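Engineer: only the shape, not the letters, is given here:
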């Protein structure tokens with residue numbers, strides 16, 4: 001068998017070596033036929049029964065959830081159950097059967113295609129990835145309709161282990177399906193990696209892979225078509241590379257690297273309680289990014305000193321397939337309070353809602369021609385003051401239970417800052433009048449993710465208590481690149497001299513004004529960039545909990561004085577190759 005290599009998006013680090021197990025999507029080949037009038041209601045009932053069967057299956061998965069399963073899995077099962085209950089899934093396809101006489105499979109795929117096209121218009125990467133949740137739910141229903149099921153392979157003939165080392169290869173895979181591979185007859189499966197055609201850094205596949213600490217590469221386009229059942233597969237989760245049917249030499253090289261990484265990970269665990277201090281004695285604060293309050297235990301387990309970014313959008317997601325729906329003040333408060341209490345006195349930074357014209361709360365709303373530049377994030381919240389006030393009240397109420405900071409996304413103008421601070425004061429006044437406790441000294445910070453904000457920092461440092469650099473959007477807006485658009489993704493470069501200049505300038509200006517400055521984008525968790533950020537003066541990193549110990553190790557091994565001198569030279573360079581080479585050399589200091 002010929003060996004070949006595929007390249008994709010690395011979403012969970014490490015190396016896995018195993019046999020390929022292919023999952024074939026049912027939606028790719030469904031029957032299309034018209035149902036006679038007299039059989040329409042029977043076809044409607046067939047779809048209703050399939051939906052009910054999937055509901056029962058999800059409930060069974062929840063009931064049988066392994067005790068060691070990450071909290072994300074339970075949350076995602078809940079999300080899929082909510083999607084399945086939404087009228088846009090449970091009722092709209094029935095109307096298609098009745099009005100167009102489509103068979104059940106065709107009606108469901110037609111509706112899912114329409115919903116998917118709406119999600120394709122969403123600019124925000126994390127929210128756009130939720131399209132795959134809808135498709136995964138439909139996939140489960142289609143499998144029931146078509147009489148197929150998720151097949152768990154038997155042990156391979158000739159394998160030494162009774163349980164094969166499986167690398168799952170799929171167009172996409174749902175978190176619920178992942179459980180089927182983790183548990184069989186009460187035993188943990190040897191399920192060691194993911195390879196998917198679709199997905200990005202914030203897809204559920206990526207989130208669960210990181211929480212399970214299982215190597216994964218997504219966005220590979222043709223992997224499920226090119227890789228065959230039982231092929232030997234190597235996943236290099238650091239490089240975003242998948243090698244199919246490797247030579248014996250390559251296999252041995254990767255097995256050696258895998259053994260080395262395993263030893264290194266065991267050593268990392270010993271760093272959990274070690275303070276993050278550079279070799280020359282400079283302390284660094286390491287924080288965790290979370291999507292759910294249930295992510296807090298993982299943050300604490302990693303040794304995080306707090307939450308640097310709580311993406312509150314998740315509370316507004318998974319509440320229906322066709323739209324975001326607004327949780328009430330009490331519901332939001334309970335979730336924020338849960339996170340604050342779980343962090344046991346450590347600070348929790350809650351980012352206010354980041355939705356907008358590109359991801360409307362009402363699906364009938366007009367979608368902006370260029371949603372990335374439209375009514376989103378703080379712009380949307382200021383245009384919907386009651387929605388914003390409700391969230392601010394909920395966050396402030398949670399501040400009575402521990403240290404809370406409020407982070408405002410996508411600020412660019414002084415009047416936006418002033419209006420936001422005015423809304424916060426209004427929320428405080430309401431709570432005071434109602435006799436509801438809150439922390440009156442809660443800090444308010446700005447996300448620096450628009451080049452205009454980075455270039456006009458004096459108006460931010462004058463008004464705000466802290467800054468957090470959202471490198472994902474800052475890079476995207478600076479370079480005019482959508483990093484999930486495969487045609488231009490190669491142009492997305494965190495080491496572009498313009499990007500480095502804006503980051504360094506933000507750190508320097510904020511610290512000169514006496515403000516804490518953090519980086520909460522993907523750059524914070526990339527160990528190849530840790531020393532560069534330290535050399536720029538960064539002293540606060542916020543990242544996924546799974547990345548924290550690796551970053552801490554880099555900090556412990558860093559000589560700040562030497563790094564700072566080299567970093568100044570890098571910031572004066574304008575040649576990409578020179579910058580990349582110099583950043584690589586930082587790793588040797």
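Structural biologist: Received the coordinates, thanks. Keep in mind it's a predicted model, so treat the numbers as computed, not measured.

Engineer: from now on I want contacts and neighbour counts done on CA atoms only, so please keep to that.
Structural biologist: Noted.

Engineer: show me where the stretch 451-589 of the chain has its strands.
Structural biologist: Here the stretch 451-589 of the chain has its strands, by DSSP state E, counting those that start in this stretch, at 466-469, 516-519, 540-543.

Engineer: and these as TSV, adding mean neighbour count, distance to residue 168 and mean pLDDT?
Structural biologist: Formatted as TSV, the strands of the stretch 451-589 of the chain follow (neighbours: other CA atoms under 10 Å; distance: least, CA to CA, whole Å; pLDDT from 0 to 100):
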stretch	mean neighbour count	distance to residue 168	mean pLDDT
strand 466-469	26	35	98
strand 516-519	24	33	98
strand 540-543	26	27	96
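
Engineer: these: which one's closest to residue 298?
Structural biologist: Between residue 298 and those, the shortest separation by CA to CA is 12.1 Å, and it involves strand 540-543.

Engineer: could I get the strands of the stretch 451-589 of the chain as a markdown table with distance to residue 330?
Structural biologist: Output for the strands of the stretch 451-589 of the chain, formatted as a markdown table (distance: least, CA to CA, whole Å):
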| stretch | distance to residue 330 |
| --- | --- |
| strand 466-469 | 27 |
| strand 516-519 | 30 |
| strand 540-543 | 28 |
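
Engineer: wait, which of those strands is closest to residue 307?
Structural biologist: For the strands of the stretch 451-589 of the chain, proximity to residue 307 was assessed by CA to CA; strand 540-543 is nearest, at 7.5 Å.

Engineer: ok, and what's touching the closest one?
Structural biologist: Contacts made with strand 540-543 from outside it, assessed by CA atoms under 8 Å, 6 or more residues apart in numbering, are listed as 284-289, 307-309, 516-522, 524-525.

Engineer: now with 10 Å, please.
Structural biologist: With contact meaning CA atoms under 10 Å, 6 or more residues apart in numbering, strand 540-543 is reached by 283-290, 299, 304-309, 468-469, 516-526, 530, 533-534, 548, 551-552.

Engineer: what's the end-to-end length of stretch 532-544?
Structural biologist: With CA to CA, to the nearest Å as the measure, the ends of stretch 532-544 fall 19 Å from one another.

Engineer: same check, this time on stretch 281-291
Structural biologist: The first and last residues of stretch 281-291 sit 33 Å apart, counting by CA to CA.

Engineer: also stretch 206-218?
Structural biologist: Terminal residues of stretch 206-218 lie 8 Å apart, using CA to CA.

Engineer: out of the contacts of strand 540-543, list just those in helices.
Structural biologist: Counting by DSSP state H, the part of the contacts of strand 540-543 found in helices is 299, 530, 533-534, 548, 551-552.

Engineer: among the strands of the stretch 451-589 of the chain, which is nearest residue 353?
Structural biologist: Evaluated over the strands of the stretch 451-589 of the chain, closeness to residue 353 peaks at strand 466-469, with 15.6 Å, by CA to CA.

Engineer: what helices or strands is the closest one leaning on?
Structural biologist: strand 404-408, strand 443-448, helix 458-461, helix 497-512, strand 516-519, strand 540-543 (3 or more CA pairs under 10 Å, 6 or more residues apart in numbering; DSSP states H and E).

Engineer: any chance of those in a markdown table, plus distance to residue 57?
Structural biologist: Below are the helices and strands packed on strand 466-469 laid out as a markdown table (distance: least, CA to CA, whole Å):
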| stretch | distance to residue 57 |
| --- | --- |
| strand 404-408 | 39 |
| strand 443-448 | 41 |
| helix 458-461 | 51 |
| helix 497-512 | 47 |
| strand 516-519 | 41 |
| strand 540-543 | 34 |
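
Engineer: buried residues, stretch 438-448. List them.
Structural biologist: When neighbours are counted by 16 or more other CA atoms under 10 Å, the buried residues of stretch 438-448 are found to be 438-439, 444-448.

Engineer: what does stretch 509-524 give?
Structural biologist: In terms of neighbour count (16+ other CA under 10 Å), stretch 509-524 has its buried residues at 509-511, 515-521, 523-524.

Engineer: also stretch 338-348?
Structural biologist: If you call a residue buried by 16+ other CA under 10 Å, then stretch 338-348 has these buried ones: 338-343, 346-348.

Engineer: between the residues you listed, which sits nearest residue 376?
Structural biologist: residue 348 (23.4 Å).

Engineer: now the closest one: how far from residue 87?
Structural biologist: Relative to residue 87, residue 348 is positioned 35 Å away (CA to CA).

Engineer: what's the answer for residue 226, then?
Structural biologist: Residue 226 sits at a distance of 37 Å from residue 87 (criterion: CA to CA).

Engineer: those two: which is more packed in?
Structural biologist: Legend: neighbour count by other CA atoms under 10 Å for residue 226 and residue 87, higher for residue 87 (14 against 11).

Engineer: helices or strands up against the longest helix seen in the chain?
Structural biologist: Criterion DSSP H: the longest helix present in the chain is helix 40-63. Taking 3+ CA pairs under 10 Å, 6+ apart as the contact definition, the neighbouring helices and strands of helix 40-63 are helix 71-85, helix 87-90, helix 92-100, helix 104-120, helix 131-145, helix 175-182.

Engineer: buried residues, that helix. List them.
Structural biologist: Neighbour count says helix 40-63 has 40-41, 43-44, 46-48, 50-55, 58, 61-62 buried, by 16+ other CA under 10 Å.

Engineer: could you do stretch 421-433 as well?
Structural biologist: Taking 16+ other CA under 10 Å as the basis for neighbour counts, the residues of stretch 421-433 that come out buried are 423-424, 427-428, 431.

Engineer: again, but for stretch 262-273
Structural biologist: Taking 16+ other CA under 10 Å as the basis for neighbour counts, the residues of stretch 262-273 that come out buried are 268, 271-272.

Engineer: among the residues you listed, name the ones in helices.
Structural biologist: Those of those lying in helices (DSSP H): residue 268.

Engineer: for residue 533, what are its contacts?
Structural biologist: When the contact criterion is CA under 10 Å, 6+ apart, the partners of residue 533 are 500, 503-504, 507, 519, 523-524, 539-541, 563-564, 567.

Engineer: actually residue 145, sorry about that
Structural biologist: If you count contacts by CA under 10 Å, 6+ apart, residue 145 has them with 26, 30, 46-47, 49-51, 53, 104-105, 139.

Engineer: can you rerun that using 7 Å?
Structural biologist: Residue 145 sits next to residue 50 when contact means CA atoms under 7 Å, 6 or more residues apart in numbering.

Engineer: and the gap between it and residue 105?
Structural biologist: 7 Å.

Engineer: among the buried residues of stretch 338-348, name the ones in helices.
Structural biologist: Secondary structure assignment by DSSP H places 338-342 of the buried residues of stretch 338-348 in helices.

Engineer: pLDDT value on residue 24, please?
Structural biologist: Among the per-residue scores, residue 24 shows a pLDDT of 65.

Engineer: swap that for residue 419, sorry
Structural biologist: Looking at residue 419, its pLDDT reads 97.

Engineer: so it belongs to a helix, correct?
Structural biologist: Yes - the assignment for residue 419, made by DSSP: H, G, I helix; E, B strand; the rest coil, places it in a helix.

Engineer: pull the number of nearby residues for the residue nearest to residue 334 when sequence neighbours are not counted.
Structural biologist: With sequence-adjacent residues excluded and distances taken as CA to CA, 6 or more residues apart in numbering, residue 334 is closest to residue 398, at 7.7 Å. Residues lying near residue 398 (other CA under 10 Å) number 25.

Engineer: alright, that wraps it up for me.
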